[in-house]
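Peer 1: have a look; sequence and predicted model below, questions after that.
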Amino acid sequence: MPMAPKPRARAVAAKQEYEQRRFTAAQRGYGSSWNKAKGPALRQMVVDEADPWCRYCRRNEAKMLDHAIPPTRKHMPGTPEYERLFWESKYWIPACSECNSEKQDMLPAELEKKKPEMHKKLIAVLVARGVTL
């Protein structure tokens, strides 16, 4: 009698299936244009807000930009709506790589349920910028 796959094996298989369905980084907009824009934008945010630290953990230096609202969760890549949300700098959050990976592509409502402290900090940054969700 065959045995059911172990939980770890199911998790690995689910991740592989997700990666096969997912758009590539370039299809999602993370190509040369993003690479040229993110460095100066991050530096400007650090200067404007006089704060070099990750807005989520406040322990590590911000080296990345996180999208507060992940465009792939709202629109299909390549559509005008996706492009508008992707390039809307008011939704870019300076973050360290650990926090950016931890947040993944969660929407603010999901973040509030799974990581309430991170959500609180995200909302504080957006409110300070005058952005409402």
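Peer 2: It's in. Residues are numbered from 1 along each chain as shown.
Peer 1: toward the C-terminus from the helix or strand bottoming out on mean pLDDT in the chain, list the very next helix or strand.
Peer 2: Ranked by mean pLDDT, DSSP states H and E, the weakest helix or strand in the chain is helix 7-21, scoring a mean of 74. Following helix 7-21 in sequence order, the next helix or strand is helix 32-48 (DSSP states H and E).
Peer 1: from the chain's centre, how far out does the helix or strand that that next one is followed by sit?
Peer 2: Counting by DSSP H and E, the element after helix 32-48 in chain order, helix or strand, is strand 64-67. Mean C-alpha position of strand 64-67 versus that of the full chain (C-alpha atoms, centre = their mean, to the nearest Å) differs by 6 Å.
Peer 1: the helix or strand following strand 64-67: which residues count as buried?
Peer 2: Sequence order places helix 71-74 as the next helix or strand after strand 64-67, per DSSP H and E. Of the residues in helix 71-74, 71-72 count as buried by neighbour count, 16 or more other C-beta atoms under 10 Å. For glycine as for every other residue, the C-beta is placed from the backbone atoms N, C-alpha and C.
Peer 1: before we move on, what about stretch 40-47?
Peer 2: Taking 16+ other C-beta under 10 Å as the criterion, stretch 40-47 shows 41-42, 45 as buried.
Peer 1: one more: stretch 88-107?
Peer 2: Quick answer for stretch 88-107 (16+ other C-beta under 10 Å): 91-96, 99-100, 102-103, 106.
Peer 1: stretch 29-40 now?
Peer 2: For stretch 29-40, by 16+ other C-beta under 10 Å, it's 29, 34.
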